[in-house]
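[1] Structure for this input, please:
(one chain, ligands or ions: 1)
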Amino acid sequence: MSDDGDHKLRVSKIRSGTVIDHVPGGQALNVLAILGIDGSKGEEISVGMNVPSDRFARKDIVKVEGRELSQDEVDVLSLIAPDATINIVRDYDVIEKHRVERPDVVEGVLSCPNAGCISTGDEPVSSTFEVFDDAVRCSYCGTIVREEIASLIDT
Ligand SMILES: [Zn+2]
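    I've put the predicted structure just below:
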């Protein structure tokens with residue numbers, strides 16, 4: 001089977017909703033956390049983890065039935081899955097497909113790991129991080145985070 005046919009098969013299993021493809025292997029559960037999905041509301045979710053991929057050694061796929069993602073959700077998603085593809089599915093057809101784009105700045109999304117940072121104190125200061133290709137940087141204290149960005153996400 002060609003890769004294209006294979007791809008189509010994998011993403012077309014949901015009726016209407018969103019398929020998030022090309023998530024780095026092992027990040028699917030973080031994607032669900034970002035979307036606020038824990039299964040408690042009866043959400044219909046399929047997750048493929050560590051699926052062989054031509055773009056990565058291994059990738060994860062998350063399919064969410066009956067839901068299209070907001071731009072805010074896609075922005076946060078891009079922090080942990082910069083190469084993810086968002087497929088919008090309606091009536092089993094992919095009607096829209098696009099790569100996520102990283103925003104230049106995210107506000108109120110990440111918690112600064114620096115306990116002395118003004119954004120983690122009692123002051124009502126919303127966290128602000130600049131987003132680079134391979135890291136994020138706190139706009140208040142300059143702390144740079146390259147790995148474990150997922151663990152900083154406020155969910
Ligand atoms: Zn900070």
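[2] The residue nearest the centre of the chain in helix, strand or coil?
    Central residue of the chain (CA atoms, centre = their mean): Leu77, 2.3 Å from the mean position. Recorded secondary structure, Leu77: helix (DSSP: H, G, I helix; E, B strand; the rest coil).
[3] check contacts around it.
    By CB atoms under 8 Å, 6 or more residues apart in numbering, the contact set of Leu77 is Ile20, Val31, Ile34, Leu35, Leu69, Ala84, Val100. For the C-beta atoms, the positions are set from N, CA and C on the backbone; glycine is no exception.
[4] out of the residues you listed, who's nearest Asn50?
    Val31 (13.9 Å; CB to CB).
[5] Would you check that Val23 makes contact with Arg58?
    No: counting by CB atoms under 8 Å, Val23 stays clear of Arg58, with 10.1 Å between them.
[6] Those two: who's more crowded?
    Taking neighbours as other CB atoms under 10 Å, Val23 and Arg58 compare with Val23 leading, 27 against 12.
[7] Following the chain past the one helix or strand the more buried one maps to, name the next helix or strand.
    Element membership for Val23, per DSSP states H and E: strand 17-24. Counting by DSSP H and E, the next helix or strand C-terminal to strand 17-24 is helix 28-34.
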